[in-house]
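Novice: What follows is a predicted structure for the sequence shown.
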Amino acid sequence: MNVHEFQAKQLLSKYGVAVPPGEVCDSPESAKRVGDQFFNKGASMVVVKSQIHAGGRGKGTFKSGFRGGVKLCKSADEVFENARGMLGNVLVTKQTGPEGRLVSKVLVEMAREIQKELYVAVLLDRTISRPILMASTEGGMDIEEVAAKTPEKIVKEAIDPALGMMPYQARKVAAALGLKGDLLNQAAKLLQGIYRTWWECDATLVEINPFCVVLSNDGKAALLAVDAKLSLDDNALYRHPDLQAMRDLAEEAPLETAASKFNLNYIKLDGTIACLVNGAGLAMATMDIIQHFGGRPANFLDVGGGASQEQVAAAFQIILQDPNVKGILVNIFGGIMDCDVIAKGIVAAVKQTGLQLPLVVRLEGNNVAAGKKTLADSDLTIIGADSMADAAQKVVHAVAKG
Amino acid sequence: MSILINPQTRILVQGITGSFGARHTQLSLAYGTQVVAGVTPGKGGQLFENKVPIFDTVAEAMKQSGATASAIFVPPAFAADAILEGVDAGLELVVCITEGIPVNDMVKVKRAMQGSKTRLIGPNCPGIVTPGPDKDSFGGCRIGISPGYIHRRGHIGVVSRSGTLTYEAVWQLTCRGVGQSTCVGIGGDPVNGTSHLDTIKLFEADPDTHGMILIGEIGGSAEEEAADWIKRNGSKPVAGFIAGATAPPGRRMGHAGAIVSGGKGTAAAKIDAFRDAGIGVAATPSEMAETLLKMM
């Protein structure tokens, strides 16, 4: 699960990480009021930031034609105008896809003069099964690009989960970022706070990009988490009701949310051949084999190892809500679950939904003969298949025929 | 012979009285597996199915039954504790079937297991099967949730992160009359106990394993590490398949570990590593067995 920037900053601030003063607003009027307050406190600039779960906001364009999902403002009137340009409009960035995301909240923050942009992240290093702190002097850029072009500019420090991040490790990374004097000690404290946020929230990623050296009101340099991205481990949400409450369903694809209610794992893709499979690996492999034979998968759908009749019915209903779907491939390796139960579920679902599209079913495993007989006796035009390759070829052919 | 387990291996089941654990214990018993004890705290002294004694702790169950391996079926919130209880008791092998364990719990488990003699398989895995000599491979050792009857005793090792994709490969072999030495599901989580590489090394050292099927998927670099080792040290034919070539980047495909992030862990990179190591790459998941058999 992802959270919004303003939520990430709330959490970071709880663990002692300095973030810019700011407030989240859902109307241009409230944004103006917050902007006013900041200007009255002596801010020279205020920033308005669209809150969506996607990057590239600054360079994004709204479907209304309004340009830029992040805007610097010199007056409260500018804050108002920019908030009005963003709120209630759909922002398209390089990460949202062409459909974009509706902006219903903006974060209004006091902006400071940035002297230096750094990059800091905490994430799991799968090769060592430990968290690492990753940092770079190349803040404000796409870190994947930095990694590809100048990997020497990225420093990594592995953290022992039994100890947490030790102060010396934080100082080492701060020094590698070129920070000195007061800033070195400040950074060490902040880096530890970022790690604690990662660990205690059960995050999969905390990314501060940019992590900035700014000029504070008293003329001294200070460190600030100017942007923040936080992703949480879904498996750990059960022990964080406060974080669960941060879930924003508007940011999730509606069909994926509907599927999750039936314990189905569904991810929408942009092809025309829907698939319904048991097991994640087999589901991915089914998508791959559809593509191999010239088709394009419309979705990933894992009904789990022990799918019930109700789940199969729900799965069909979800698949069929995707208007691009022109054919369906069911691929079940019923190792232990009864293939006949699955077959009955398919027959019931086809009747219930009045399915008109070509349906290819490949069943294998326990009680498969009875399952195949149930399908054959159903008077429905279900195309049977004997292997994954056979099934994929048949569904691609049926869809091509129209 | 086989790796990790054989038909004589004595097994205990942690979480034997839960519905999931109970069902699969029954199936393992029917397969002929030596399930000699169960553990459910608070139910010590009872019998499972009137024959398998239940204990309150793993240590007690081991002492009384002589079990050396365990299967864990406890819910995700209790799984890390169950694994470490098995480690503390000194089991040789712990197989954790549980899906949905928080990643940080597994980070802690791996840290705590440093220097331990116990081998962990999983979590979020179908388990291990060493097929037996009887009809439908009965008389073998089955730890976990795999369907026993699809196996056949023989000389091919199978290792995979995915359950049903393993069954697919095993079934393709069995349908061609080719048996398996041991089939290992290492699990789909980003932090697991035993890697592809660990398993490949065991198969390489097992004189009874003559060839391998290595099934991987997007995410991480475990397949690349295994391929690199095979390139330098492998003497047996290996066929491979990588699932997820069509998966969109940045999305978790069912398994917690199946995600392409930051351009890393793509199917294309893994397939390249396989080819470079001389692993026969199955063009489709339907051709896993065929690809291997052509190499043998």
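Specialist: Structure's in. What do you need?
Novice: Can you tell me the element residue B:23 falls in?
Specialist: Secondary-structure assignment from DSSP states H and E places residue B:23 in helix B:19-31.
Novice: Please name the nearest non-neighbouring residue to residue B:16.
Specialist: Nearest residue to residue B:16 in three dimensions, chain neighbours excluded: residue B:38, at 2.9 Å (CB to CB, 6 or more residues apart in numbering or on different chains). To be clear about C-beta, it is placed using only N, CA and C from the backbone, and glycine gets the same treatment.
Novice: how far off helix B:19-31 does the one helix or strand that neighbour maps to point, in degrees?
Specialist: Secondary structure assigned from DSSP H and E places residue B:38 in strand B:34-39. Between strand B:34-39 and helix B:19-31, the angle formed by their directions is 160 degrees, by axes from the mean of the first three to the mean of the last three CA atoms, to 10 degrees.
Novice: so what strands line up beside strand B:34-39?
Specialist: Strand B:34-39 has its sheet partners listed here by DSSP bridges as strand B:10-14 (parallel), strand B:52-55 (parallel).
Novice: So residue B:214 belongs to a strand, correct?
Specialist: Yes: residue assignment for residue B:214, taken from DSSP: H, G, I helix; E, B strand; the rest coil, places it within a strand.
Novice: For the stretch 1-150 of chain B, list the residues in contact with chain A, please.
Specialist: In this structure, the stretch 1-150 of chain B approaches chain A at residues B:27, B:76-77, B:100-108, B:110-112, B:145-147, B:150, judged by CB under 8 Å from any CB of the partner chain.
Novice: Please list all residues in contact with residue B:177.
Specialist: The contact partners of residue B:177, by CB atoms under 8 Å, 6 or more residues apart in numbering or on different chains, come to residue B:152.
Novice: again with residue B:105
Specialist: Contacts of residue B:105 were listed using CB under 8 Å, 6+ apart, and they are A:236, B:79, B:80.
Novice: The residue nearest in space to the middle of chain B pairs with what?
Specialist: For chain B, the residue sitting closest to the mean C-alpha position, by CA atoms, centre = their mean, is residue B:185 at 2.6 Å. The residues listed as beta-bridge partners of residue B:185 by DSSP bridges are residue B:127, residue B:160.
Novice: Report the rounded mean pLDDT for stretch A:330-342.
Specialist: The predicted model assigns stretch A:330-342 a mean pLDDT of 86.
Novice: for stretch A:286-299, that is, sorry about that
Specialist: Taken as a whole, stretch A:286-299 has a mean pLDDT of 97.
Novice: just stretch B:187-194 next, same as before
Specialist: pLDDT averaged over stretch B:187-194 gives 96.
Novice: Helices - which of the contacts of residue B:105 land there?
Specialist: Judged by DSSP state H, helices contain the following of the contacts of residue B:105: B:79, B:80.
Novice: Find the closest residue to chain A in chain B.
Specialist: Closest approach of chain B to chain A (CB to the nearest CB) occurs at residue B:162, with a separation of 2.1 Å.
Novice: Looks like that residue contacts residue A:280 (just checking).
Specialist: Yes: counting by CB atoms under 8 Å, residue B:162 does reach residue A:280; the two are 6.3 Å apart.
Novice: Please enumerate the shared neighbours of the two.
Specialist: Taking CB under 8 Å, 6+ apart as the contact criterion, the common neighbours of residue B:162 and residue A:280 are B:188, B:217, B:255.
Novice: pLDDT wise, what is residue A:306 at?
Specialist: Confidence per residue is given as pLDDT, and for residue A:306 that number is 68.
Novice: what kind of secondary structure is the closest residue to residue B:121 other than its chain neighbours in?
Specialist: If you skip the residues right next to it in sequence, residue B:121 has residue B:95 as its closest partner in space, 4.5 Å away by CB to CB, 6+ apart. Under the three-state scheme (three-state DSSP), the conformation of residue B:95 reads as strand.
Novice: What does the pLDDT read for residue B:95?
Specialist: With respect to pLDDT, residue B:95 has a value of 98.
Novice: That one - how many residues pack around it?
Specialist: Other residues near residue B:95 number 33, with proximity taken as other CB atoms under 10 Å in any protein chain shown.
Novice: Bridge partners for it, pull those for me.
Specialist: Assessed by DSSP bridges, residue B:95 has beta-bridge partners residue B:71, residue B:121.
Novice: Report the contact partners of it.
Specialist: Under the criterion of CB under 8 Å, 6+ apart, the contact partners of residue B:95 comprise B:69, B:70, B:71, B:72, B:120, B:121, B:122, B:125, B:127, B:128, B:143, B:144.
Novice: from what I can see the fourth one touches residue B:96, true?
Specialist: So the one you mean is residue B:72. Yes: counting by CB under 8 Å, residue B:96 is a contact partner of residue B:72 at 4.3 Å.
Novice: Identify the contacts common to the two.
Specialist: B:79, B:82, B:83, B:122, B:123.
Novice: doesn't residue A:275 make contact with residue A:302?
Specialist: No: using CB under 8 Å, residue A:302 and residue A:275 do not qualify as a contacting pair, with a distance of 9.8 Å.
Novice: Of the two, which one has the most company?
Specialist: Each of residue A:302 and residue A:275 has its neighbours counted (other CB under 10 Å); residue A:275 has more, 31 against 28.
Novice: Over to that one. Which of the three states is it?
Specialist: On the basis of three-state DSSP, residue A:275 is classed as strand.
Novice: measure it to residue B:51 for me?
Specialist: In this view, residue A:275 and residue B:51 are 43 Å apart by CB to CB, to the nearest Å.
Novice: residues in contact with residue B:286?
Specialist: Taking CB under 8 Å, 6+ apart as the criterion, residue B:286 is in contact with A:289, A:387, A:388, A:389, A:390, B:172.
Novice: before we move on, the earlier item: what's in contact with the next helix or strand after the strand holding residue B:38?
Specialist: Proceeding N to C from strand B:34-39, the next assigned helix or strand is strand B:47-48, under DSSP H and E. Surrounding strand B:47-48, the residues in contact under the criterion CB under 8 Å, 6+ apart are B:16, B:17, B:22, B:25, B:38, B:53, B:54.
Novice: Pull the most distant pair out of the residues you listed.
Specialist: B:22 and B:53 (14.6 Å; CB to CB).
Novice: What about contact with chain B: does stretch A:119-131 have any residue there?
Specialist: Yes: using CB under 8 Å from any CB, stretch A:119-131 reaches chain B at A:124, A:126, A:127, A:129, A:130, A:131.
Novice: First-to-last residue distance for that stretch?
Specialist: The first and last residues of stretch A:119-131 sit 17 Å apart, counting by CA to CA, to the nearest Å.
Novice: Helices of the stretch 101-250 of chain B, residue ranges please.
Specialist: B:103-112, B:163-175, B:196-205, B:222-233 (DSSP state H, counting those that start in this stretch).
Novice: mind checking which of those is nearest residue A:327?
Specialist: Taking CB to CB as the criterion, residue A:327 comes closest to helix B:163-175 out of those, the separation being 21.8 Å.
Novice: Pull out the buried positions in stretch A:260-278.
Specialist: If you call a residue buried by 16 or more other CB atoms under 10 Å in any protein chain shown, then stretch A:260-278 has these buried ones: A:262, A:264-269, A:271-278.
Novice: check whether it contacts chain B.
Specialist: Yes: legend: contact between stretch A:260-278 and chain B by CB under 8 Å from any CB is shown at A:265, A:267, A:269, A:277, A:278.
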